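Novice: sequence unavailable; structure follows:
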């Protein structure tokens, strides 16, 4: 057996081992404390070892038949791991590391060269390339790298068009929908461009050093903001992947704006031949990804971002289960932010189902809230408010025609007010969740720390 065969065999074994570990953490939910956190370190270690091995033995691996797209697939998996950790922890350094690897894949054109050299026969490589673009778009979107998002969207659309032309026997309808999603998302979000960042910025907001002075005005207790749950459910809402426009903007608002050199918005350029001019320092000639680049993309002087669980179009039962998990694990003297964006007037588009759901027309009319209807009773803080007060109005979390099982009522949230809760309801029915009789039940020590804030950041259409 030649030396090249030994190196190639070792490489394949490392790939298989890393892929097995990756499969165990790929679908771990992005909420709740992960009790087997040590296993994530094992996965990272396995891929870093694999990446280092292919760097040190690149020439022998290429001679043994290693394709460029295989190198890109490893880098893409590492970027995917980093992004998954960001979604679970909200630590900016993980998002920055994901960007470093994805940008290196783009600049060296790993997938482009691979698919062209293999020709039309390897459809799997083309799908890997499409998934890479979709993931890089999401990372760039969250990092607010507008120029990169525009460049990626253009290339992604061109790639989908090329795939439809060269792989006529394959249906790329789902990928066309993804292209439509990002184009629509960018179009709707254009109004927020060239203005101050949604993120908390020391240039526009009070500096973290001022927090001790603010704390003097809180006589009772100071709560730490460490966990947030963000979700939205609207028909035909602007979204990309599983990130809706509402949750995207809230996610931006709950992050610190870094001041590293990376965030000076250096332009993204393309050469005439379509190649990418990189500004990250990841050299295509050296083949080495600068692992220290993330230091320029983060700001160690800033406090950590609060952890954010972003739930895409959940059912009511799933939403309540996630709320319960976060509240159960909420540290002492901490507050949870709950952002709910949903319609409260679903009766207008779902009234036909309610009429045909087995109940009478009269009872259906009583249960469908009208836009201007206000059935709330006067505030009662003596603990004698009727239970029906908590279930008169609701937010609609469900597709058309699924009945009351998808209604989220104020009463569904009351059990979670045992812990400090900051509630933001972005809805035409947010008044049903106002502080008052709903939140003043007896025996709740945290009721004074539980309040609502009405807001409206959704695009009107």
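Specialist: Great, that's in hand. These numbers come from a predicted model, not from an experiment. Residues are numbered from 1 along each chain as shown.
Novice: for the rest of this, base every contact and every neighbour count on C-alpha atoms.
Specialist: Fine.
Novice: pLDDT weak spots in the protein?
Specialist: The model of the chain has pLDDT under 70 over residues 1, 32-37, 113-121, 191-197, 200-221, 258-300, 345-390, 400-403, 435-461.
Novice: quick one, strands of it?
Specialist: Taking DSSP state E to define them, one finds strands in the chain at 224-233, 239-240, 243-244, 269-270, 276-277, 307-312, 334-342, 395-396, 407-408, 421-426, 451-454.
Novice: give me the contacts around the longest one.
Specialist: Strand 224-233 is contacted from outside by 244, 246-247, 250-251, 305-314, 323, 326, 330, 333-343, 396-398, using CA atoms under 8 Å, 6 or more residues apart in numbering.
Novice: buried residues, that strand. List them.
Specialist: For strand 224-233, the neighbour count (16 or more other CA atoms under 10 Å) marks 225, 226, 227, 228, 229, 230, 231, 232, 233 as buried.
Novice: export those to TSV and tack on distance to residue 2?
Specialist: Conversion of the buried residues of strand 224-233 to TSV gives the following (distance: CA to CA, whole Å):
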residue	distance to residue 2
225	59
226	55
227	55
228	56
229	55
230	55
231	56
232	58
233	59
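Novice: before we move on, the earlier item: among the contacts of strand 224-233, the buried ones, what's the PyMOL command?
Specialist: Remark: buried members of the contacts of strand 224-233, expressed as a PyMOL selection using 16+ other CA under 10 Å:
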select buried, resi 244+246+247+250+251+305+306+307+308+309+310+311+312+313+314+323+326+330+334+335+336+337+338+339+340+341+342+343+396+397+398
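Novice: stretch 164-176 spans what distance, first to last residue?
Specialist: 10 Å (CA to CA, to the nearest Å).
Novice: show me the contact partners of it.
Specialist: Outside stretch 164-176, the residues touching it (CA under 8 Å, 6+ apart) are 120, 123, 157, 160, 163.
Novice: number of residues surrounding residue 59?
Specialist: Each residue near residue 59 was counted by other CA atoms under 10 Å, and the total is 12.
Novice: what sits against it?
Specialist: Per CA under 8 Å, 6+ apart, neighbours of residue 59: none.
Novice: quick check: it vs residue 143, distance?
Specialist: Residue 59 is 35 Å from residue 143, where distance means CA to CA.
Novice: in this structure residue 30 contacts residue 309, no?
Specialist: Yes - the criterion here is CA atoms under 8 Å, and residue 30 meets it with residue 309 at 6.0 Å.
Novice: and for the two, which residues touch both?
Specialist: With CA under 8 Å, 6+ apart, residue 30 and residue 309 have common neighbours 87, 88.
Novice: hmm, back to that, nearest to residue 147, of the strands of the chain?
Specialist: Closest approach to residue 147 among those is made by strand 269-270 (9.0 Å; CA to CA).
Novice: now residue 312, nearest residue through space, not along the chain?
Specialist: Leaving aside its chain neighbours, residue 312 sits nearest to residue 242 (5.6 Å; criterion: CA to CA, 6 or more residues apart in numbering).
Novice: in TSV: the strands of the chain, plus distance to residue 135.
Specialist: What follows is the strands of the chain, written out as TSV (distance: least, CA to CA, whole Å):
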stretch	distance to residue 135
strand 224-233	20
strand 239-240	10
strand 243-244	12
strand 269-270	20
strand 276-277	18
strand 307-312	16
strand 334-342	25
strand 395-396	30
strand 407-408	32
strand 421-426	28
strand 451-454	33
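Novice: ok, which of those comes nearest residue 39?
Specialist: strand 307-312 (20.0 Å).
Novice: who does the closest one touch, helix- and strand-wise?
Specialist: helix 68-89, strand 224-233, strand 243-244 (3 or more CA pairs under 8 Å, 6 or more residues apart in numbering; DSSP states H and E).
Novice: how does it look with 10 Å?
Specialist: helix 68-89, strand 224-233, strand 243-244, helix 245-253, helix 316-328, strand 334-342 (3 or more CA pairs under 10 Å, 6 or more residues apart in numbering; DSSP states H and E).
Novice: what angle sits between it and helix 68-89?
Specialist: Relative orientation of strand 307-312 versus helix 68-89 (axes from the mean of the first three to the mean of the last three CA atoms, to 10 degrees): 110 degrees.
Novice: any chance you could list what contacts strand 307-312?
Specialist: The contact list for strand 307-312, computed with CA atoms under 10 Å, 6 or more residues apart in numbering, reads 29-32, 86-91, 225-233, 239, 241-244, 247-248, 250-251, 254-255, 318-319, 322-323, 326, 336-339.
Novice: recalculate using a threshold of 7 Å.
Specialist: 30-31, 89-90, 226-232, 242-243 (CA atoms under 7 Å, 6 or more residues apart in numbering).
Novice: and the furthest pair within those residues?
Specialist: Longest span within the contacts of strand 307-312, CA to CA: 226 and 242, 22.6 Å.
Novice: re the thing from before, export the helices and strands packed on strand 307-312 as CSV, with columns for distance to residue 19.
Specialist: What follows is the helices and strands packed on strand 307-312, written out as CSV (distance: least, CA to CA, whole Å):
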stretch, distance to residue 19
helix 68-89, 9
strand 224-233, 30
strand 243-244, 26
helix 245-253, 30
helix 316-328, 29
strand 334-342, 35
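Novice: circling back: between the contacts of stretch 164-176, which is nearest residue 18?
Specialist: residue 123 (23.4 Å).
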